[in-house]
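S.K.: with the input below, show me the fold.
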Amino acid sequence: MSTPTPHIGAKAGEIAPVVLMPGDPLRAKWIAENFLENPVCYSEVRGMLGFTGTYRGKPVSVQGSGMGCPSMGIYSHELFAFYGVEAIIRVGSAGALQDHLDIGDLVIAQGACTDSNYPSRLGAPGLFAPIGDFGLICRAADAAVKKGVHYTVGNVLSSDCFYVDDPENLPSWRKMGVLAVEMECAALYANAARLGKKALGILTISDCPFKGTATSAEHRQNGMRDMIEVALELV
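M.R.: Prediction:
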């Protein structure tokens, strides 16, 4: 496929080898404007904004993914397969499933459990276990330690559904030690594995459903500075 692709309006060479990927396109804009030098918007297709700039002299792009495995699957596939992207760092929000996590804590997603059918559509004759790149995990953990940021490494849940009827859904994952719930890491990790690329999810806890606490929509869009600073250390 030639570029621009159906969902990303960039030309060849306009996207950096490393991409930070929030779900919210407005968070992508906020990251570009507050962390990158000389950011340029390369795509506004479907309102899913993408920017390229530099960080400490190194090229880096920021691209919104939208919500859920199907949307992440589309955007990460096009970035990996058609724009020469080598690593995607998902920077998003998540709901805590364990009591030791609080709002603002970071979760580095070592693995991504999922109730989505997305990984199975890539052809493996069994249950594929989506995992993050080990080198990126180690570097992210090291960066968090150096910055004094509270973080935990482990399993997350990439759920297809934000609203579920089963009251035992999240408690069941909680019993298995899953740290937090989000909606995109499993598709990102599956695409990276299929295409021989690198990926990692770094997540900020935005709500704690078992404690009844949550942050605001504005903070989810414009906050989460610790997560972005840790992610940028991987560029």
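S.K.: what's near enough to touch the residue nearest to the spatial centre of the chain?
M.R.: For the chain, residue 90 is the residue whose C-alpha lies nearest the centre (C-alpha atoms, centre = their mean; 2.0 Å). The contact partners of residue 90, by C-beta atoms under 8 Å, 6 or more residues apart in numbering, come to 21-22, 65, 72, 109, 184-185, 188, 199-203. (C-beta placed from N, C-alpha, C; glycine too.)
S.K.: and for residue 111?
M.R.: Counting by C-beta under 8 Å, 6+ apart, residue 111 makes contact with 129-132, 154-156.
S.K.: neighbour count, secondary structure and pLDDT for these - can I get that in a markdown table?
M.R.: Formatted as a markdown table, these follow (neighbours: other C-beta atoms under 10 Å; DSSP: H, G, I helix; E, B strand; the rest coil; pLDDT from 0 to 100):
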| residue | neighbour count | secondary structure | pLDDT |
| --- | --- | --- | --- |
| 129 | 16 | coil | 96 |
| 130 | 26 | coil | 97 |
| 131 | 20 | strand | 98 |
| 132 | 26 | coil | 98 |
| 154 | 14 | strand | 98 |
| 155 | 20 | strand | 98 |
| 156 | 30 | strand | 98 |
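S.K.: return the helix or strand in the chain with minimum mean pLDDT.
M.R.: Lowest by mean pLDDT, DSSP states H and E among the helices and strands of the chain is helix 217-222, with a mean of 69.
S.K.: next, the buried residues of the helix or strand following that one.
M.R.: Following helix 217-222 in sequence order, the next helix or strand is helix 225-232 (DSSP states H and E). Within helix 225-232, the residues scored as buried using 16 or more other C-beta atoms under 10 Å are 226-228, 230-232.
S.K.: got JSON lines for the residues you listed, with pLDDT and distance to residue 97 too?
M.R.: What follows is those, written out as JSON lines (pLDDT from 0 to 100; distance: C-beta to C-beta, whole Å):
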{"residue": "226", "pLDDT": "95", "distance to residue 97": "20"}
{"residue": "227", "pLDDT": "97", "distance to residue 97": "18"}
{"residue": "228", "pLDDT": "97", "distance to residue 97": "23"}
{"residue": "230", "pLDDT": "97", "distance to residue 97": "21"}
{"residue": "231", "pLDDT": "98", "distance to residue 97": "22"}
{"residue": "232", "pLDDT": "98", "distance to residue 97": "27"}
